[in-house]
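Engineer: Let me see the structure of the following:
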Amino acid sequence: MFHKATVIALILPTLIVAAQTCTDDDAFTFDKNTNKNNNPRKTVKCDWLTNKNAAMRTSKYCAVPATKGACSESCSACPCADTNRFTFTLVHSGKTVGCNWLLKSKHASTRTSKYCVESGSLYNVDIADGCINTCGLCTGGNGGGSASTIPPPATSSRKPNILLIMADDFGTGDVPAYWNSSIVDMPNLNRLVAKGVTFKDVHSTPLCAPSRYMLLSGLYAHRGVHKAGTWDMTQNSNQFRGKQKSIAKVLKDGANYHTYMAGKWHLGAKVPPNGAYNFTHLLTHPMHDWSQALMDGPPDIGFDSSFITIEGIQSPPYSFFKDGYLTTEQENVVYWETDSEHDMPHGRSIIGKHGGEGSNDWDSTAYNMILVNETIAFVDNHLHDKPKDPFFAYVALGGVHIPHSPPDFYMDGTVVKGKYKNSHLDMLHEVDLVVGSLVSAMEERLIMNDTIIIFTSDNGGLPLSRRFSHYTNGILRGNKGQIWEGGHRVPMIWRYDGVFPENETRENLIGLNDVFATLCEIAGVDIPYGSAYDSISFAPYIASNDKTEMLREYLGTWAYKTNGWRKEFLQAIRYNDLKLVHNTETNAIDLFDLMNDLSEITDLSERSEHLDTMKSMYKKLMALGPCPDDRLGTFELSKKSKEVDCAWFTSKNTRRRCRNHIEGELLCNSICGRYKNECNSNLFPNDEVPTLW
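Structural biologist: As a prediction, the model looks like this:
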């Protein structure tokens, strides 16, 4: 099918670029020695040939065999070469650029996929023809890859469907393929592993709400409204700020995706019409008008349709919202007591430590099965109503967050409750059944070859089954909520039949925020200004284990906890295989070599040979975090292509400039930072480094 060829063409542009040999030799120089007095002139490089009077210069100097061979691109001597001095104008900015612009960015693969493959409908010039070598479309000679190894661009703009499944509190050790530490039989996840690519070094945040923002925004949590995430309706907004767009919104606007979400929202929202007046009576308080849609919910960040609960199964309201509207009639609202259990049709429904209002038919045992049925209904409606458009379906499961209330039987009659030695293990079993149902639904509708399936989790797992020799995080130290690897190293599996490799693993560092840029690259969609700037695509790496050039070297992690009145804030940074952990309360530093010590047992911070590396890592961690030092000197405003320094933000309209330019918060924290008062008081004094140094 054409759309599969399109995606292959989008995944491979960096492979194509790497194969090019039809370029000038940057080290080659020659003398301009034929002036009218026959005196030697200055030495120049190949690009001089086309800087000015290109026709005359190339005609004259390219006649010399040595120059023609070394300056093959400038001399147009390639069997397949870019058109000399070819330019085109960018629609979004009006800027005129040449072929080299396509490669001058960490997003080179996104640029080549967009402008080389899909430019026909946007531009009145043929970019693929004018930049044929840069676009990697040469089929012989010393140009790009050969036609036998690099598929040609497809003529169709059809994109792959995307089914993104996020489990809750599901550790790497819960998937048998990671550490072989799971005692739960998981045939469906094992099959997903066998048919796809499994990533072994993927990281979320240590807690649920900030990780969901990280996934959908492509940003670290502190870029959002609250640095520790937005969790519920008492905060009167979701976590997205200003110009930040969700992956659903970007795919919808950029590639006409039909977008859908089911399950646990956990990104904050606002009670209509004026916010929450009473958390105890969220559904029945007279100042809450549920004839109106939920404010700042899924429809407001780009989901065409949705079927969600605000906080999964763990907190009120215990009711579903469909497309933003409460599904429970007022006469059917009841108050569910804390730590209560109730017999329901599918099993023993449990309300945990957060009692509250909800629907009188609330059944925590049926939660995941409801999500499966609703998602399949969405897919069926999509295939009927919009068969030519792709869909993006995000399914956020309730399993395996507490309270653990497995159904007696799964919807196909499979025993769930009592299958294993405790309810935690039973819930893990149900998650595998859910994955099987969703994958089978794609197969039965004959769309598996058109659909990317992604499975991941929001954070590390819960250590509730160790006594049964089940280790939810394998050999990793720590658990959900902690800065150690077990708190935020999560499973991730990608499957796309006929496009992605089967039964392969990847070991390099990936962030949950990187899913955003990766999906945009695959779909051929540009990331809008102000969105996902912490996201780095790993699309070529899915296709080939050798394509590591564009992967991230650094990844920051932040863990916020409140113990009674005392707040704890720990942060960590990965640099390749090294991990530095900083306790901001004690100012203590730990350093681990994860290549040789994945369980984080041996602290290397006191070894002098690591001192310079630790200083560099700490400086990078500060730059990535909520309290970066101000940038010295000038920097470019990406929105204006203008060089400024931090003083520019104070010279005029400070608030507006800080709001409109992301560089303000990233590079000029003392002026535009939202946490600058906290930073300057006692959290991160700018003139202080760890006491070790």
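Engineer: next one: the longest helix anywhere in the chain to chain centre, how far?
Structural biologist: Looking across the chain with DSSP state H, the single longest helix is helix 423-444. From the chain centre to the centre of helix 423-444 is a distance of 24 Å (Cα atoms, centre = their mean, to the nearest Å).
Engineer: so what does that helix touch, helix or strand wise?
Structural biologist: Secondary-structure packing of helix 423-444 (3 or more Cβ pairs under 8 Å, 6 or more residues apart in numbering; DSSP states H and E): strand 161-167, helix 187-195, helix 367-385, strand 451-457. For the C-beta atoms, the positions are set from N, CA and C on the backbone; glycine is no exception.
Engineer: buried ones in it?
Structural biologist: For helix 423-444, a neighbour-count test (16 or more other Cβ atoms under 10 Å) marks 423-439, 441-442 as buried.
Engineer: Okay, buried residues for stretch 480-500 please.
Structural biologist: Buried residues in stretch 480-500, counted by 16+ other Cβ under 10 Å: 480-497, 499-500.
Engineer: Counting only helices, which of those make the cut?
Structural biologist: Those of the buried residues of stretch 480-500 lying in helices (DSSP H): 485-488.
Engineer: Among these, list the two that are farthest apart in space.
Structural biologist: Spatially, the most separated pair among these is Gly486 and His488, at 8.0 Å (Cβ to Cβ).
Engineer: Just the mean pLDDT for stretch 642-661, thanks.
Structural biologist: For stretch 642-661, mean pLDDT is 92.
Engineer: Report the backbone C-alpha coordinates of it in CSV.
Structural biologist: The C-alpha trace of stretch 642-661 is given here as CSV (Å, rounded to 0.1, in the frame of the first residue of the first chain):
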residue,chain,number,x,y,z
LYS,A,642,17.3,37.8,15.9
GLU,A,643,20.3,37.9,18.2
VAL,A,644,19.5,39.3,21.7
ASP,A,645,20.8,39.0,25.3
CYS,A,646,18.8,38.7,28.5
ALA,A,647,18.7,42.5,28.9
TRP,A,648,16.4,42.6,25.8
PHE,A,649,13.6,41.0,27.9
THR,A,650,13.8,44.0,30.4
SER,A,651,14.1,46.8,27.9
LYS,A,652,10.5,46.8,26.8
ASN,A,653,7.2,44.9,27.5
THR,A,654,9.0,42.3,29.7
ARG,A,655,5.9,40.3,30.5
ARG,A,656,4.8,40.0,26.8
ARG,A,657,8.3,39.2,25.6
CYS,A,658,8.7,36.5,28.2
ARG,A,659,5.4,35.1,27.3
ASN,A,660,6.0,35.1,23.6
HIS,A,661,9.5,33.8,23.5
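Engineer: would you put the C-alpha positions of stretch 510-520 in PDB?
Structural biologist: Written as PDB, here are the backbone C-alpha positions of stretch 510-520 (Å, rounded to 0.1, in the frame of the first residue of the first chain):
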ATOM      1  CA  ILE A 510      15.200   7.500  25.300                       C
ATOM      2  CA  GLY A 511      12.800   9.800  27.200                       C
ATOM      3  CA  LEU A 512       9.000   9.400  27.200                       C
ATOM      4  CA  ASN A 513       9.000  13.000  25.900                       C
ATOM      5  CA  ASP A 514      10.800  11.700  22.700                       C
ATOM      6  CA  VAL A 515       7.700   9.900  21.600                       C
ATOM      7  CA  PHE A 516       6.200  13.200  20.400                       C
ATOM      8  CA  ALA A 517       9.000  14.100  18.000                       C
ATOM      9  CA  THR A 518       9.200  10.500  16.800                       C
ATOM     10  CA  LEU A 519       5.600  10.400  15.800                       C
ATOM     11  CA  CYS A 520       5.800  13.800  14.200                       C
END
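Engineer: Residues in contact with that stretch: which ones?
Structural biologist: The contact list for stretch 510-520 (Cβ atoms under 8 Å, 6 or more residues apart in numbering) reads 107, 110, 162, 164, 199, 201-205, 211, 214-220, 247, 250-251, 254, 454, 456, 490, 492, 526-527, 532, 534-539, 542, 551-552, 555.
Engineer: Can you flag which of those residues belong to helices?
Structural biologist: If you go by DSSP H, the contacts of stretch 510-520 have 110, 211, 214-217, 247, 250-251, 254, 539, 542 in helices.
Engineer: which one in those is the model shakiest on?
Structural biologist: Lowest pLDDT among those: Thr110, with 60.
Engineer: Can you list the low-confidence ranges for the stretch 251-400 of the chain?
Structural biologist: Within the stretch 251-400 of the chain, no stretch has pLDDT under 70.
Engineer: if we can go back for a sec, need the ones in helices among the contacts of stretch 510-520 in JSON lines (columns: neighbour count and distance to Leu578).
Structural biologist: As requested, these are exported to JSON lines (neighbours: other Cβ atoms under 10 Å; distance: Cβ to Cβ, whole Å):
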{"residue": "Thr110", "neighbour count": "24", "distance to Leu578": "29"}
{"residue": "Ser211", "neighbour count": "26", "distance to Leu578": "23"}
{"residue": "Met214", "neighbour count": "28", "distance to Leu578": "22"}
{"residue": "Leu215", "neighbour count": "25", "distance to Leu578": "25"}
{"residue": "Leu216", "neighbour count": "32", "distance to Leu578": "29"}
{"residue": "Ser217", "neighbour count": "27", "distance to Leu578": "27"}
{"residue": "Ile247", "neighbour count": "31", "distance to Leu578": "30"}
{"residue": "Val250", "neighbour count": "25", "distance to Leu578": "33"}
{"residue": "Leu251", "neighbour count": "25", "distance to Leu578": "35"}
{"residue": "Gly254", "neighbour count": "18", "distance to Leu578": "37"}
{"residue": "Ala539", "neighbour count": "26", "distance to Leu578": "26"}
{"residue": "Ile542", "neighbour count": "23", "distance to Leu578": "25"}
